[in-house]
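J.: Got a predicted structure plus its sequence, pasted below:
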Amino acid sequence: MKPIRKAVFPVGGLGTRFLPATKALPKEMLPVVDKPLIEYAVEEARAAGIEEFVFVTSRGKTAIQNHFDSHLELEYALREKGRDSELSAITNAVGAPGQFAYVRQMEPLGLGHAVWTARNFIGNEPFAVLLADDLISGEPGALSEMSEVHNEYGGNVIALMEVAPAETARYGVVAPGTDDGRVVEVLDLVEKPDPAEAPSNLAIVGRYILQPEVLDFLALGETGAGGEIQLTDSMARLIGGAPFSGVRISGTRYDCGTKIGFLEANVAFALERDDLGGDIFARLEQVLESHRPDA
């Protein structure tokens, strides 16, 4: 069984939900407290043993490349001033030469198309896919939990969470087989089903470990929900050819593709910080009190 060494980060979206902030700044560079979303995803991948990273970008996304590159002038200034914590914060994100790669998705044709765009980087190895706007807290990280299941069962592994039945139309949803409370056998996948027709309320979170055969199905360019090339549709065609497992992640998932989820993540992550938690709690109490309907 081959280990998972490579990860794909689809970051080519326009981020229209966050305009005007994302007119010039990639959505993936929006900070949760003081670290951009994409860095949280890269840290999660590193903790799971990922060695090679490819970012599927688009026009106007050079800020992501710059973030994971050295900034010699800034590093020199911080070093001279003895600001070691800030220096460590910016240098820890930098990868080794050749460890980070970038490919362009010329047209926004869907998540499946973005993954297929990275095919030459992926080659004939199993690989991970991480969506940065699905921010997942907790230890171990979601991808580490999935890697453990992959090491045990092989095949394909996806992250799952339970959602309210009325929300299934927002997600890819699995038809479950055997289920031990943590690992779920995946019998089928349906993209954004009507709640009345959804096979379960187990929704796919933006973490995947996939066998390279999925690229053969993505290469067909078949469109699905929303007229896009859906990754879920091609994953469904892998079922039966190799084990296909879902993992109920133990961490908390924040949907940072929405404004409310992004704001929630900022509050939650700030509260967990030793240097901010007490102060932010007190400030939140003040804000909430001043915004009471009867205030």
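T.: Perfect, I can see it now.
J.: Work out for me the element Q286 sits within.
T.: Using DSSP states H and E, Q286 falls within helix 277-290.
J.: tell me what that helix is packed against?
T.: helix 259-271 (3 or more Cβ pairs under 8 Å, 6 or more residues apart in numbering; DSSP states H and E). C-betas here are computed from N, CA, C, even on glycine.
J.: Please confirm that A7 is located within a strand.
T.: Yes - secondary structure of A7 (DSSP: H, G, I helix; E, B strand; the rest coil): part of a strand.
J.: just checking, it touches V129?
T.: Yes - in this structure, A7 is within contact of V129 by Cβ atoms under 8 Å, at 7.2 Å.
J.: Extract the C-alpha set from the helix holding Q286 and format it as PDB.
T.: Listed next in PDB are the C-alpha coordinates belonging to helix 277-290 (Å, rounded to 0.1, in the frame of the first residue of the first chain):
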ATOM      1  CA  GLY A 277      -8.800  34.000  24.900                       C
ATOM      2  CA  GLY A 278      -9.500  35.900  28.100                       C
ATOM      3  CA  ASP A 279      -9.600  39.300  26.500                       C
ATOM      4  CA  ILE A 280     -11.700  38.300  23.600                       C
ATOM      5  CA  PHE A 281     -14.200  36.600  25.900                       C
ATOM      6  CA  ALA A 282     -14.600  39.800  27.900                       C
ATOM      7  CA  ARG A 283     -14.900  41.900  24.700                       C
ATOM      8  CA  LEU A 284     -17.500  39.600  23.300                       C
ATOM      9  CA  GLU A 285     -19.600  39.900  26.500                       C
ATOM     10  CA  GLN A 286     -19.400  43.700  26.100                       C
ATOM     11  CA  VAL A 287     -20.400  43.600  22.500                       C
ATOM     12  CA  LEU A 288     -23.300  41.200  23.100                       C
ATOM     13  CA  GLU A 289     -24.600  43.300  26.000                       C
ATOM     14  CA  SER A 290     -24.500  46.500  23.900                       C
END
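J.: that older thread, quick check on A7 and V129: which one has the bigger neighbour count.
T.: Ranked by neighbour count (other Cβ atoms under 10 Å), A7 and V129 place A7 first, with 28 against 24.
J.: Tell me how far that one lies from V149.
T.: Look at A7 and V149: by Cβ to Cβ, to the nearest Å, they are 16 Å apart.
J.: Name the residues of the helix holding Q286 that come out as buried.
T.: I280 (16 or more other Cβ atoms under 10 Å).
J.: and the angle from it to helix 259-271?
T.: 130 degrees (axes from the mean of the first three to the mean of the last three Cα atoms, to 10 degrees).
J.: List of residues touching helix 277-290?
T.: Contacts to helix 277-290, defined as Cβ atoms under 8 Å, 6 or more residues apart in numbering, come from residues 267, 270-271, 273, 295.
J.: So which of those residues wins on neighbours?
T.: Most surrounded of those: other Cβ under 10 Å gives A270, at 19 neighbours.
J.: okay but it is in contact with L276, surely?
T.: Yes - A270 is within contact range of L276, at 4.8 Å (criterion: Cβ under 8 Å).
J.: Need the residues touching each of the two.
T.: V33.
J.: For the protein, which segments count as strands?
T.: Secondary structure of the chain by DSSP state E: the strands cover 6-10, 31-32, 35-36, 52-57, 100-104, 127-130, 134-137, 156-162, 172-179, 183-191, 202-210, 244-248, 252-255.
J.: where are the low-confidence patches of this protein?
T.: Along the chain, segments meeting pLDDT under 70 span 295.
J.: Centre-most residue in it?
T.: Nearest residue to the geometric centre of the chain (Cα atoms, centre = their mean): L131, 2.4 Å.
J.: quick one: contacts for the nearest residue to that residue once chain neighbours are set aside?
T.: Residue nearest to L131 in three dimensions, not counting chain neighbours: G206, with 2.9 Å by Cβ to Cβ, 6 or more residues apart in numbering. Applying Cβ under 8 Å, 6+ apart to G206 gives the contacts 129-131, 133-134, 159.
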